[in-house]
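> structure for this input, please:
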Amino acid sequence: MTYQTITSTDAEQLLINNDAVLIDVREPAEHRQANITQAQLKPLSDLNLEGIDTVNKKVIIHCQKGMRGAKACQQLISAHPDVSFYNLDGGILAWQQAGLPVNKTASKVLPLDRQVQISVGGGVVLGVLLSQTINPNFVWLAGFFGAGLLFAGLSGFCGLARVLAKMPWNK
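Predicted coordinates:
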């Protein structure tokens, strides 16, 4: 079984008709910054359907842009083969671009994917700089971050994202 993608306007219609539930798989800090009123928070780092009524309902998953949502759908399908899962195409950003309502706060926490990009980029730059100024062996630090990024891209598992999700600013 596989999941389907759904547009923001189609998802909104299912929610209005009470034919679906909406799950936000972003981290708590991201959810606080901007969220869809009907969305229930179930972060990808601790994803489960406990407490969510899925009987006779479609389950729409959303994240920031759609990538974590797709991953969440794949993860949930194996545990719940009897449920119809939909990934919100373009995530909450597409929802906003469609002119649909979003609750926003003044919180300025960066989305998790950007935190990962900054951390990896910083680690690579630091490794190169240290290898040129202190000891050539520091180039392995850049290699470590590069290998981690390659592994994340190939496997779909990003250990750094899991670590960053547990940081106090993301709670």
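
> what domains does the record give for the protein?
Domain assignment for the chain by automatic domain parsing gives 4-104, 112-170.

> looking at those domains, which is buried most?
For those, average neighbour numbers computed from mean count of other Cβ atoms under 10 Å are highest in domain 4-104, which has a mean of 18. Every C-beta, even on glycine, is put in place using the N, C-alpha and C of the backbone.

> average pLDDT across the helix or strand harbouring Gln74?
In the assignment (DSSP states H and E), Gln74 maps to helix 67-79. Helix 67-79 comes out with an average pLDDT of 92.

> which strands and helices lie in contact with it?
strand 58-62, strand 85-88, helix 112-133 (3 or more Cβ pairs under 8 Å, 6 or more residues apart in numbering; DSSP states H and E).

> got the angle between the last one and helix 67-79?
Spelled out, it's helix 112-133. 110 degrees (axes from the mean of the first three to the mean of the last three Cα atoms, to 10 degrees).

> which strands or helices does helix 112-133 pack on?
Helices and strands touching helix 112-133, by 3+ Cβ pairs under 8 Å, 6+ apart, are helix 67-79, helix 139-155, helix 159-165.

> of all these, which one is nearest Ala20?
For Ala20, the closest of the helices and strands packed on helix 112-133 is helix 67-79, at 13.5 Å, according to Cβ to Cβ.

> what separates Lys104 from Thr37, distance-wise?
For Lys104, the distance to Thr37 equals 12 Å [Cβ to Cβ, to the nearest Å].

> got it, and Met167?
Separation of Met167 from Thr37 (Cβ to Cβ): 27 Å.

> how about Val120: what's its closest non-neighbour residue?
Phe145 (5.0 Å; Cβ to Cβ, 6 or more residues apart in numbering).

> hmm, that neighbour is touching Gly127, no?
Yes - using Cβ atoms under 8 Å, Phe145 is in contact with Gly127, at 6.8 Å.

> which residue is nearest the middle of this structure?
Arg68 (3.6 Å; Cα atoms, centre = their mean).

> residues touching that residue, list them.
Residues in contact with Arg68 (Cβ atoms under 8 Å, 6 or more residues apart in numbering) are Val25, Arg26, Leu44, Gly91, Leu112, Asp113.
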